[in-house]
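Colleague: sequence and predicted model, in that order:
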Amino acid sequence: MLATATFEVKIDAKVKSLVASMPNTGVEEEYYRLRHFSITGKGVVNRGDSLKSRRSKSNNSVASSNSSTEHLTPAAGAVAGSARTSATCSLASSRESSTSNPASGPYKVLMLGGAAVGKSSLVSQFMTSEYLHAYDTSIDDDSGEKTVSVLLSGEESELTFIDHSYTEMAPENCMSTYDPHGYCVIYSSADKGSFLVAERILQILWTTENIAQKAVILVANKADLARSRMVTSDEGKGMATQYDCKFIETSVGINHNVDELLVGLLSQIRLKLENPEKSRDLFRKRSIRKSKRRACSPLGGAICLAGIGGSTNPSTPVSGPPVSGGGAFVDTPPGSAHSSPRKYRGSRTSASLKVKGLLGRVWARDSKSKSCENLHVL
């Protein structure tokens with residue numbers, strides 16, 4: 001006798017046949033997959049997937065939601081007891097969401113990036129908790145639009161991912177054609193050229209003030225290819241900090257941080273929609289801070305060297321790549337107008353001030369770096 005299955009899935013014969021035949025179009029008209037997540041102190045927790053009736057969603061009926069939602073796919077690594085508990089919690093959350101906010105979304109997310117960075121693979125993995133083979137080349141050709149429903153914090157939302165191949169539709173054309181709620185800018189950590197493409201996309205999003213109003217996450221995909229890595233984590237975080245967007249490293253190959261990215265996109269979209277004025281104010285304040293540090297804004301992507309050849313305008317576009325960390329500090333020659341104040345005559349005092357200044361800059365840069373990696377705050 002074989003041991004009983006770790007997870008007990010109670011689905012009648014009819015629903016089993018429907019699940020087995022997904023994603024046939026006839027089934028999709030009646031049922032859809034609902035992915036359950038929660039955010040805890042330890043991060044994002046995958047509560048598994050459910051099958052839910054579209055009829056109950058349209059009718060907003062508590063009883064219908066209770067009778068039509070069944071637990072399908074438990075989160076990987078969960079034990080039997082916790083899976084059953086999670087399923088019960090998910091059903092309760094579904095009933096709560098159906099009565100509290102029935103029309104959440106759909107939210108549109110535009111997937112942008114160079115060729116072969118893994119956009120289609122990421123979107124395909126967003127659709128299910130089941131692991132998909134990351135290097136299946138057929139997935140890369142499966143572009144277009146895909147929709148997934150996510151239950152987060154007791155509220156159900158629908159996310160539609162718009163994914164066009166790089167050769168079919170350039171990023172600029174995608175941005176002008178669609179009006180999305182969020183942008184996912186992807187590059188491969190094993191391809192320096194894709195990193196430069198991502199930088200150009202962020203420059204456009206900055207100039208059009210999309211970063212101030214919409215959810216924007218910079219994604220370093222293929223993080224598992226350590227030996228082929230061409231772009232460091234610090235370079236990615238530095239560019240995200242420079243352009244005032246969020247940053248995360250993912251790998252579809254080992255299913256690393258894919259759920260975190262999906263939940264982070266939804267969290268950022270909700271935060272931007274709920275706090276539009278706060279988002280714009282934060283954007284303005286951060287831009288002013290960059291100007292005060294004598295660094296050019298990412299419009300031109302270069303550093304304004306203060307104190308050399310007179311004052312410079314920090315908003316003037318200059319050619320060259322942006323520098324991670326939000327600016328640079330140029331040592332002034334001895335005896336110049338920008339030398340240490342005269343009241344600090346002792347060498348020890350001067351050295352102490354330099355050390356404090358250096359530590360302050362390092363702390364500020366580290367704080368910003370951590371902030372850009374927190375996808376659940378503005």
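Modeller: All right, it came through fine.
Colleague: could you measure from Arg201 over to Tyr107?
Modeller: Slight slip there: residue 201 is Ile, not Arg. Separation of Ile201 from Tyr107 (CB to CB, to the nearest Å) stands at 20 Å. In short, each C-beta sits where N, CA and C put it, glycine included.
Colleague: higher neighbour count, the two?
Modeller: Neighbour tally, Ile201 and Tyr107, criterion other CB atoms under 10 Å: the higher count belongs to Ile201, 24 against 21.
Colleague: mind telling me what element that one is part of?
Modeller: Here Ile201 is covered by helix 192-207, with elements defined by DSSP states H and E.
Colleague: buried stuff in that helix?
Modeller: Buried positions in helix 192-207, judged by neighbour count with 16 or more other CB atoms under 10 Å: 194-195, 197-199, 201-203, 205-206.
Colleague: and stretch 238-251, by the same measure?
Modeller: 238-251.
Colleague: now the strands for the stretch 101-250 of the chain?
Modeller: Counting by DSSP state E, counting those that start in this stretch, the stretch 101-250 of the chain has strands at residues 107-113, 144-152, 155-163, 182-188, 215-221, 246-249.
Colleague: can you give me the first-to-last residue distance of stretch 156-169?
Modeller: 31 Å (CA to CA, to the nearest Å).
Colleague: pLDDT on that stretch, on average?
Modeller: For stretch 156-169, mean pLDDT rounds to 92.
Colleague: between which two of the buried residues of stretch 238-251 is the distance greatest?
Modeller: Asp244 and Ser251 (25.2 Å; CB to CB).
Colleague: hey, what's Gly144 bridged with?
Modeller: With DSSP bridges applied, Gly144 shows beta-bridge pairing to Asp163.
Colleague: and it, how many neighbours does it have?
Modeller: 12.
Colleague: nearest to Gln268, of the strands of the stretch 101-250 of the chain?
Modeller: Of all the strands of the stretch 101-250 of the chain, strand 215-221 comes closest under CB to CB, at 3.5 Å.
Colleague: Val377 falls within a helix, correct?
Modeller: No: assigned with DSSP: H, G, I helix; E, B strand; the rest coil, Val377 falls outside any helix and is coil.
Colleague: contacting residues for it?
Modeller: Counting by CB atoms under 8 Å, 6 or more residues apart in numbering, Val377 touches 271, 371.
Colleague: and it, its phi and psi?
Modeller: phi -130, psi 160 (degrees, to the nearest 10).
Colleague: how close does it sit to Leu271?
Modeller: Distance from Val377 to Leu271, by CB to CB: 7 Å.
Colleague: do Tyr31 as well
Modeller: Taken as CB to CB, the span from Tyr31 to Leu271 is 30 Å.
Colleague: now do Thr208
Modeller: 20 Å.
Colleague: who's more crowded, these two?
Modeller: When neighbours are counted by other CB under 10 Å, Leu271 comes out ahead of the other of Thr208 and Leu271, with 17 against 13.
Colleague: which of the three states applies to the more buried one?
Modeller: Relying on three-state DSSP, one would call Leu271 helix.
Colleague: can you get me a residue count around Leu132?
Modeller: By other CB under 10 Å, 14 other residues sit near Leu132.
Colleague: that one and Gln125 touch, don't they?
Modeller: Yes: with contact defined as CB atoms under 8 Å, Leu132 reaches Gln125; the gap is 5.5 Å.
Colleague: alright, that wraps it up for me.
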